[in-house]
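**Q** Could you look at this predicted model? Sequence included:
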Amino acid sequence: MIAAYHGIGVRTFSSSIATVAPRLSLKLHELSEADDTEALAELLHRCVVPLFAIRSRRKGYEVSTMKAMMEMVGLNAGPVRPPLVNVTPEEEDELRTILSEWVKFL
């Protein structure tokens, strides 16, 4: 994602993570700009990879997961529209665990 973009010269990107944790999105960008590959890899592994693992489970989960997380942090995301579906209660628990890693970025 961001490291790959920077590797080919792209210096801007759009991230759905910014809808929930804009400071996390900015930190990812800063680490990439600084070419701090070790810190970037650690942050991606801890904060992004678990989210993307859930998002890849179903078509449309890119939207469903972000709306669920927005609601969890007190932002009004509104319902998903059909044919998309909400994440399961078990996945909501997984998203809360991910958010616990994002606390300093909220």
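**A** Good, I have the coordinates. Values in this document were obtained by computation on a predicted structure and should not be read as measured data.

**Q** Which neighbouring elements make contact with the helix ranked longest in the chain?
**A** Longest helix in the chain by number of residues (criterion: DSSP state H): helix 89-102. Here helix 89-102 touches helix 49-55, helix 61-72, going by 3 or more Cβ pairs under 8 Å, 6 or more residues apart in numbering; DSSP states H and E. In short, each C-beta sits where N, CA and C put it, glycine included.

**Q** of all those helices, which lies closest to residue 98?
**A** Residue 98 lies closest to helix 49-55 among those, at 5.2 Å (Cβ to Cβ).

**Q** So what's the gap between that closest one and the chain middle?
**A** Its chain's average C-alpha position is 8 Å from that of helix 49-55, according to Cα atoms, centre = their mean, to the nearest Å.

**Q** list the buried ones in it?
**A** For helix 49-55, a neighbour-count test (16 or more other Cβ atoms under 10 Å) marks 51, 54-55 as buried.

**Q** quick one: contacts of that helix?
**A** For helix 49-55, contacts defined as Cβ atoms under 8 Å, 6 or more residues apart in numbering pick out 17, 61-62, 65, 87, 91, 94-95, 97-98, 101.

**Q** ok, now which ones touch residue 58?
**A** 64, 85.

**Q** Check the spacing between it and residue 86 real quick.
**A** Residue 58 sits 10 Å away from residue 86, going by Cβ to Cβ, to the nearest Å.

**Q** Quick check: neighbours shared by these two?
**A** Common neighbours of residue 58 and residue 86, using Cβ under 8 Å, 6+ apart, are residue 64.

**Q** could you list every residue that touches residue 85?
**A** Contacts for residue 85 (Cβ under 8 Å, 6+ apart) come out as 58, 60, 64.

**Q** sorry, that was for residue 92
**A** Each residue near residue 92 by Cβ under 8 Å, 6+ apart is listed here: 68, 72.

**Q** Centroid-nearest residue for this protein?
**A** Nearest residue to the geometric centre of the chain (Cα atoms, centre = their mean): residue 17, 3.8 Å.

**Q** Surely it is in contact with residue 23?
**A** No. Judged on Cβ atoms under 8 Å, residue 17 makes no contact with residue 23 at a distance of 9.8 Å.
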